[in-house]
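would you be able to build a 3D model of this:
(one chain, ligands or ions: 1)
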Amino acid sequence: MKRSIYDEDHEAFRASVKEFLDRSVVPHVEQHAADKAIPREFWLEAGKQGFLGLEIPEEHGGAGADDYRFNAVLFEELNKVNAALGSCVGIHADITAPYLVELGTEEQKKRWLPGVAAGEILLAIGMTEPSGGSDLAALKTTAVRDGEHWVINGSKTFITNGYSADLVITAVRTSPEKKARGITLFAIPATAEGYSRGRKLDKVGQDESDTAELFFENVRLTDDDIVGELDGGFIHMMQKLPQERLGCAISNLAHARQILEETLVYAKERKAFGQGIGSFQHNKFLLAEQFTTVDVAQAYVDQCVIAHDAGELTPIDAAKAKWWTSQVQNDVLDHCVQIYGGYGFMNEYRVARAWRDARVSKIWAGSNEIMKELIGRDLGL
Ligand SMILES: Cc1cc2nc3c(=O)[nH]c(=O)nc-3n(C[C@H](O)[C@H](O)[C@H](O)COP(=O)(O)OP(=O)(O)OC[C@H]3O[C@@H](n4cnc5c(N)ncnc54)[C@H](O)[C@@H]3O)c2cc1C
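Numbers count the residues shown, from 1 in each chain. Okay, the predicted model is just below:
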């Protein structure tokens, strides 16, 4: 059965992304993992190719594409290379840039968007704090008025692109008494006095991404640095999370499918007891089940992409896509490791790293438990 949500324009775009990644990233993935970073040259080159500004209007340096399928194609191709590349670019282009595109003032758009599209201003999003991520409404970083300024104090943790980001859209408490309705988004430049970053965090997987803690000590900003409405940050985040979760779902499946296809090749080539290990009925059925699982999940995610383009993707649809595909990805990759035998546990084998990389997908962008909580509430429970 041919997948049908993409037309020839999307496939031409896919070919250009793939050509770029094969040339600019694939030869350097070991270096990226060792450096715990994707170098700035990658961002600048990706910017030149027009891959970082798909949703950014043309007058601000982007492609002004009004079709989320291009984003989906980009994420599929990035995740085929590795999951960290998908998450770093996703945070910059698909998750954080839309806050500026949709909520920014004209002045803010002029100030930041051309640099974002060009890969010169690298973005991150700061929601999670050391004291908690799931209960976003309880965040503790504060901004207090002082004349023309807001004075920001607090910290964020686990921030993707955090070590190298130039601008961090940061959720900050502006009205302590108002809980969820007292949170505002500030765009905090890394050059601000009082802004500092911790070390690159030592993670179980996704070695290539520079995840970091951020600290704010009397950082002074003004109203011009507020993104969206004062005290409206929580609602803004809730409105943006479905796209973030859909991006996760697309990535989860693309990553799982890539490794599954590589595992199929391995299962045909590797011999035991005089025959290919894939020909043992257990492994044959196991692979048949994994390909079926990925294809069936893909059908749901594809429908979510179409719904999102039509403005009809609900937070519940996105929550279902996000938790289900992260579970599928982890199950599939665990089986892939098993099929590789001992080699599946060796870091020099891609399958081992992919298995480590996948684990976080059940935790971030709203954990699977939080996704089920949302779905359960929608069921009236
Ligand atoms: C590699 C990585 C990159 C990340 N990148 C970013 C980023 O760029 N920006 C950002 O802001 N954050 C980022 N995060 C943070 C991520 O979103 C949080 O880790 C996540 O939301 C969970 O928050 P927490 O770690 O504080 O866990 P907690 O909120 O402390 O939760 C701990 C456990 O309790 C469960 N739990 C909590 N509440 C409930 C409930 N009501 N019902 C059932 N179970 C519950 C959770 O599911 C989890 O299993 C990243 C995390 C990682 C690991």
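
smallest gap between this protein and the ligand, at which residue?
The ligand sits closest to residue 133 of the chain, with a gap of 2.4 Å, by C-beta to the nearest ligand atom. Every C-beta, even on glycine, is put in place using the N, C-alpha and C of the backbone.

show me where the stretch 51-200 of the chain has its strands.
123-126, 142-146, 149-159, 167-173, 183-189, 195-200 (DSSP state E, counting those that start in this stretch).

can the last one be found next to the ligand?
Right, the one you point to is strand 195-200. No: for strand 195-200, no contact with the ligand is found by C-beta under 6 Å from any ligand atom; the gap never falls below 11.2 Å.

contacting residues around that strand?
Residues lying outside strand 195-200 but in contact with it, judged by C-beta atoms under 8 Å, 6 or more residues apart in numbering, are 36-37, 162-163, 188-190, 210-217, 219.

make a PyMOL selection of the buried ones in the residues you listed.
In PyMOL, selecting the buried portion of those, with burial taken from 16 or more other C-beta atoms under 10 Å, looks like this:
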select buried, resi 36+37+162+163+188+189+190+210+211+212+213+214+215+216+219
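
among the contacts of strand 195-200, which ones lie close to the ligand?
Taking C-beta under 6 Å from any ligand atom as the test, the ligand is in contact with residue 211 out of these.

mind checking which of the contacts of strand 195-200 land in helices?
In helices, defined here by DSSP state H, there are no members of these.

dump the strands of the stretch 51-200 of the chain into CSV; add distance to residue 90 and mean pLDDT as well.
What follows is these, written out as CSV (distance: least, C-beta to C-beta, whole Å; pLDDT from 0 to 100):
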stretch, distance to residue 90, mean pLDDT
strand 123-126, 10, 98
strand 142-146, 27, 98
strand 149-159, 14, 98
strand 167-173, 14, 98
strand 183-189, 18, 98
strand 195-200, 18, 96
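
so residue 21 makes contact with residue 78?
Yes: using C-beta atoms under 8 Å, residue 21 is in contact with residue 78, at 7.1 Å.

so for those two, which sits in the more crowded spot?
Neighbours per residue, other C-beta atoms under 10 Å: of residue 21 and residue 78, the larger number sits with residue 78, 26 against 20.

that one and residue 91 touch, don't they?
No: because the distance of 11.7 Å does not satisfy C-beta under 8 Å, residue 78 is recorded as not touching residue 91.

and whichever strand or helix holds residue 13, what does it pack against?
According to DSSP states H and E, residue 13 maps onto helix 8-24. Secondary structure elements in contact with helix 8-24, counted by 3 or more C-beta pairs under 8 Å, 6 or more residues apart in numbering; DSSP states H and E, are helix 40-48, helix 68-81.

how about the residues of the stretch 151-300 of the chain that lie near the ligand?
Contacts of the stretch 151-300 of the chain with the ligand, taken as C-beta under 6 Å from any ligand atom, map to 158, 159, 160, 203, 206, 211.

does the first one touch residue 210 like I think?
In this case it means residue 158. No: here residue 158 lies out of contact with residue 210, judged by C-beta under 8 Å, at a distance of 11.6 Å.

residues near residue 379, how many?
Other residues near residue 379 number 8, with proximity taken as other C-beta under 10 Å.

again but with residue 318, I slipped
Taking other C-beta under 10 Å as the criterion, the count of residues near residue 318 is 26.

that one is in contact with residue 305, isn't it?
No: under the criterion of C-beta under 8 Å, residue 318 lies out of contact with residue 305, with a separation of 10.9 Å.

any common contacting residues for the two?
Counting by C-beta under 8 Å, 6+ apart, the contacts common to residue 318 and residue 305 are residue 246.

can you pull out the strands in the stretch 201-350 of the chain?
Counting by DSSP E, counting those that start in this stretch, the strands of the stretch 201-350 of the chain are 212-222, 226-227, 271-272, 275-276.

what residues are up against residue 206?
Under the criterion of C-beta under 8 Å, 6+ apart, the contact list for residue 206 reads 83, 84, 87, 356, 357, 360.

ok, the residue nearest to the fourth one when sequence neighbours are not counted to residue 322 distance?
The one in question is residue 356. With sequence-adjacent residues excluded and distances taken as C-beta to C-beta, 6 or more residues apart in numbering, residue 356 is closest to residue 205, at 3.3 Å. Noted for residue 205: a distance of 18 Å to residue 322, by C-beta to C-beta, to the nearest Å.

ok, now residue 60?
Applying C-beta to C-beta to residue 60 and residue 322 gives a distance of 29 Å.

now swap in residue 132 and tell me
When distances are taken as C-beta to C-beta, residue 132 and residue 322 turn out to be 19 Å apart.

domain parsing for this protein?
8-121, 125-231, 234-378 (automatic domain parsing).

neighbours of residue 272, just the number please.
Taking other C-beta under 10 Å as the criterion, the count of residues near residue 272 is 11.

done for today, thanks.
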